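Trainee: sequence? don't have it. structure:
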């Protein structure tokens with residue numbers, strides 16, 4: 001609650017003033033008189049002096065000719081034909097509008113109109129191209145309206161005078177490469193396991209995921225390094241990639257130098273060290289754009305989930321028994337199936353394979369999407385030779401919904417050519433089909449050749465609620481090999497592994513089916529493979545049903561795995577998790593808001609054909625004002641000697657980092673796991689800590705405004721200096737960064753609480769906010785002789801960074817913010833020398849904790 005202190009204040013009893021009576025009488029008189037001739041509207045300023053006859057005349061000439069506000073500079077949202085273009089300071093001057101009436105008109109340069117899409121070259125009447133204030137009347141039927149109450153500038157310009165741009169288009173001139181920074185994204189986790197009842201042994205493990213980077217201009221330098229210390233105490237560092245990258249805006253492309261992966265839209269993605277130039281779809285508006293996967297599974301016990309892609313561990317976490325969903329991974333490339341290992345508490349393992357690929361390659365008519373890659377093959381296996389290869393792909397949108405695509409891969413021991421065609425089938429979805437011809441020579445093998453045929457389909461049937469996210473089939477002949485399969489055979493002979501199994505048929509499907517309203521949704525995923533020269537078959541099938549009713553959510557899930565292996569190698573020697581296994585689960589979650597806010601009770605049933613049946617109950621929810629503390633507690637019981645089990649978890653998203661911890665136990669062991677993750681940004685103003693960083697971020701700068709929350713960002717607040725990291729923004733799109741005014745300290749006011757930023761990919765853009773830090777005062781301004789300053793006078797504080805003006809109200813009162821403990825104010829109510837004065841003031845010093853509004857008198861001289 002604000003504290004108020006008062007000095008030299010004269011109380012007045014509430015009354016209806018003589019001014020109110022006189023205004024009412026004059027309005028009634030005006031309504032009853034008919035004028036034979038039109039006269040200019042005029043308001044006698046002496047009427048404002050009836051209650052305060054000593055205040056002197058008020059200068060209202062600026063408002064007499066239709067201007068509703070005083071001219072000057074205002075921060076406004078600019079709209080062109082009802083579409084927001086920008087938010088910035090605009091100077092307004094009193095000019096005649098299209099109807100000949102004087103009003104506040106914006107001073108916009110010809111260049112700024114051109115940036116908004118106005119065809120300025122067709123209208124020389126706008127003025128010279130370098131003109132700072134364009135003559136908007138130079139465009140027939142163009143107009144500008146300043147809505148002061150909403151701080152909006154509405155530009156209306158005939159459509160023929162505006163370039164037709166795609167929905168969601170942001171001019172390249174607004175793209176921001178950001179500021180120079182050094183940054184670090186880190187994810188540290190570990191677990192201590194303790195044996196119980198004499199079963200097994202104690203062990204510890206730790207995992208670190210580090211992604212440092214440097215931004216200089218449009219260049220981005222990135223590294224991805226992991227550290228894994230296993231239960232035997234053996235530690236291993238892996239460098240997943242190091243690369244430098246920048247935008248080539250003229251080509252709507254991105255250039256990469258270093259470690260990366262080739263695109264996967266035509267060929268399988270191949271890791272390389274070299275150079276790549278490839279189209280970036282995000283540079284194109286959403287309406288002209290032609291996938292990270294979600295991993296779902298079922299854990300039978302308190303389990304550890306490890307996800308590998310292209311041989312690297314890219315994700316690791318701990319889950320409670322029951323169905324789980326992981327949707328926050330950081331993939332290492334454009335494709336590569338995800339191998340999900342679920343390490344159960346009893347030591348057993350499940351292996352799931354999640355297909356990760358793009359949808360059919362369709363482009364709009366006339367759009368070209370391409371990539372050119374050249375460098376060394378970069379296998380995660382260090383014994384594989386670093387053979388040189390090159391790859392090129394092109395996808396072009398033809399008329400009538402067709403897309404043609406093709407490409408080639410070239411190495412000394414491998415060549416391939418691909419050609420395909422895609423078609424938008426309208427109501428029947430989208431389909432693409434292609435063929436790849438390959439010529440290959442594996443180590444110590446004769447030259448071979450073969451073909452691979454592929455068909456992919458995608459369809460979202462709105463009428464039935466059916467969505468085929470991926471539906472594909474691929475057939476490869478006996479002599480077909482992929483580039484990676486061939487290059488992997490060239491390795492140290494001590495580690496030579498013959499390629500005995502080669503994929504023959506591969507089928508994959510991911511779909512969802514929404515039932516009628518209120519009936520929930522079905523989901524289905526399928527991946528199946530068989531091989532040449534082997535009887536081995538691999539199948540993974542998952543299905544589920546989910547629904548909610550009055551806040552109660554429930555679901556049924558089923559998975560079937562056949563012949564899954566732990567490490568995915570092709571030599572047939574790896575141990576199998578299960579020849580066949582089926583897992584079924586049921587879960588239900590019930591809100592307890594009537595008794596405990598933001599709290600849910602849950603029940604889970606899990607049963608495995610090759611394992612046991614477990615039942616568990618739990619409570620979970622969120623706490624704190626920002627709901628940035630998540631917690632959960634669970635207790636369960638398993639059959640076949642599993643016995644009791646339980647877990648306790650907590651996750652806190654704070655201003656400076658995110659921390660989590662958990663405890664789990666069963667009959668044979670106890671586990672304590674912990675984690676710390678966050679981001680660090682070093683910039684020219686210092687070092688700022690925050691939550692884990694996305695690819696593209698914003699840095700809030702509001703000096704003096706500490707502890708201010710960021711809207712729609714759980715747990716994100718400005719630090720003690722007024723800086724904060726907004727961890728996720730969309731590249732090449734307008735992102736609104738908004739400070740929550742309800743969290744402002746009592747001694748801080750913001751000139752503006754919202755900023756729009758348009759970052760390029762990987763940028764750290766700054767969102768600057770001007771904070772007026774100081775005292776808040778309700779001051780009664782008096783002239784020499786005791787008369788109050790006239791109504792409508794403006795007050796400015798030269799000591800403040802912003803040229804903020806305060807308006808004097810009735811009886812000379814004005815509300816001021818951001819004042820120093822002492823200083824001088826400039827007061828002005830007209831153009832004459834006798835219509836301005838200065839006020840020197842001295843305030844009672846207050847602390848941040850008890851800062852309130854002081855009420856004082858100020859003598860103007």
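Mentor: All right, it came through fine. None of these values were measured; they are calculated from a predicted model. Residues are numbered from 1 along each chain as shown.

Trainee: which strand or helix spans the residue lying closest to residue 706 once chain neighbours are set aside?
Mentor: Spatially, and ignoring its direct neighbours in sequence, residue 706 is nearest to residue 720 (5.0 Å; C-beta to C-beta, 6 or more residues apart in numbering). Where you see a C-beta, it was placed from the backbone N, CA and C, and this is true even at glycine. Assessed by DSSP states H and E, residue 720 sits outside every helix and strand.

Trainee: give me phi/psi at residue 720?
Mentor: The phi/psi pair for residue 720 (degrees, to the nearest 10) reads phi -60, psi -20.

Trainee: number of residues surrounding it?
Mentor: Residues contacting residue 720 under the criterion other C-beta atoms under 10 Å number 8.

Trainee: any idea how far it is from residue 744?
Mentor: For residue 720, the distance to residue 744 equals 15 Å [C-beta to C-beta, to the nearest Å].

Trainee: where does the stretch 151-300 of the chain have low pLDDT?
Mentor: Along the stretch 151-300 of the chain, the parts satisfying pLDDT under 70 run over 164-168, 200, 286-294.

Trainee: what segments of the stretch 351-500 of the chain are strands?
Mentor: 368-377, 388-397, 402-411, 414-424, 430-440, 448-461, 466-476 (DSSP state E, counting those that start in this stretch).

Trainee: quick one, what contacts the residue lying closest to residue 157 once chain neighbours are set aside?
Mentor: Leaving aside its sequence neighbours, residue 157 sits nearest to residue 142 (C-beta to C-beta, 6+ apart; 4.7 Å). By C-beta atoms under 8 Å, 6 or more residues apart in numbering, residue 142 lies in contact with 98, 136, 155, 156, 157, 158, 161.

Trainee: would you agree the last one is in contact with residue 138?
Mentor: No. Residue 161 lies out of contact with residue 138 (C-beta atoms under 8 Å); the separation is 10.2 Å.

Trainee: what about residue 72, distance to residue 822?
Mentor: 27 Å.

Trainee: same question, residue 163
Mentor: 54 Å.

Trainee: over to residue 149?
Mentor: 35 Å.

Trainee: and the gap between residue 170 and residue 773?
Mentor: 33 Å.

Trainee: and residue 631, what are its bridge partners?
Mentor: residue 621, residue 650 (DSSP bridges).

Trainee: residue 858 too?
Mentor: residue 781.

Trainee: so it touches residue 841, yeah?
Mentor: Yes. The pair formed by residue 858 and residue 841 meets the contact definition of C-beta under 8 Å, at 5.5 Å.

Trainee: who touches both of those two?
Mentor: With C-beta under 8 Å, 6+ apart, residue 858 and residue 841 have common neighbours 779, 825.

Trainee: my read: residue 745 touches residue 706, true?
Mentor: Yes. Contact status for residue 745 versus residue 706: in contact at 6.9 Å, counting by C-beta under 8 Å.

Trainee: so which of these two has more stuff around it?
Mentor: Taking other C-beta under 10 Å, residue 745 and residue 706 do not tie; residue 706 has more neighbours (21 against 16).

Trainee: what ranges does this structure have for its helices?
Mentor: Assigned helices in the chain, in chain order: 18-32, 110-115, 483-487 (criterion: DSSP state H).

Trainee: circling back to that earlier point, which one of the strands of the stretch 351-500 of the chain lies nearest to residue 584?
Mentor: Closest to residue 584 of those, according to C-beta to C-beta: strand 466-476, at 23.7 Å.

Trainee: show me the domain layout of this protein.
Mentor: 1-68+774-861, 72-164, 680-769 (automatic domain parsing).

Trainee: state the mean pLDDT of the shortest one.
Mentor: Looking back up the chat, that one is domain 680-769. Averaged across domain 680-769, pLDDT comes to 92.

Trainee: show me where the stretch 651-800 of the chain has its strands.
Mentor: 658-665, 669-683, 686-690, 697-701, 723-726, 735-738, 748-750, 754-757, 764-768, 771-773, 775-782, 794-796.

Trainee: is it possible to get JSON lines of those that adds distance to residue 81 and mean neighbour count?
Mentor: Converted to JSON lines, those look like this (distance: least, C-beta to C-beta, whole Å; neighbours: other C-beta atoms under 10 Å):
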{"stretch": "strand 658-665", "distance to residue 81": "43", "mean neighbour count": "18"}
{"stretch": "strand 669-683", "distance to residue 81": "38", "mean neighbour count": "19"}
{"stretch": "strand 686-690", "distance to residue 81": "38", "mean neighbour count": "18"}
{"stretch": "strand 697-701", "distance to residue 81": "28", "mean neighbour count": "24"}
{"stretch": "strand 723-726", "distance to residue 81": "30", "mean neighbour count": "27"}
{"stretch": "strand 735-738", "distance to residue 81": "21", "mean neighbour count": "19"}
{"stretch": "strand 748-750", "distance to residue 81": "30", "mean neighbour count": "20"}
{"stretch": "strand 754-757", "distance to residue 81": "19", "mean neighbour count": "19"}
{"stretch": "strand 764-768", "distance to residue 81": "27", "mean neighbour count": "21"}
{"stretch": "strand 771-773", "distance to residue 81": "35", "mean neighbour count": "22"}
{"stretch": "strand 775-782", "distance to residue 81": "40", "mean neighbour count": "20"}
{"stretch": "strand 794-796", "distance to residue 81": "34", "mean neighbour count": "18"}
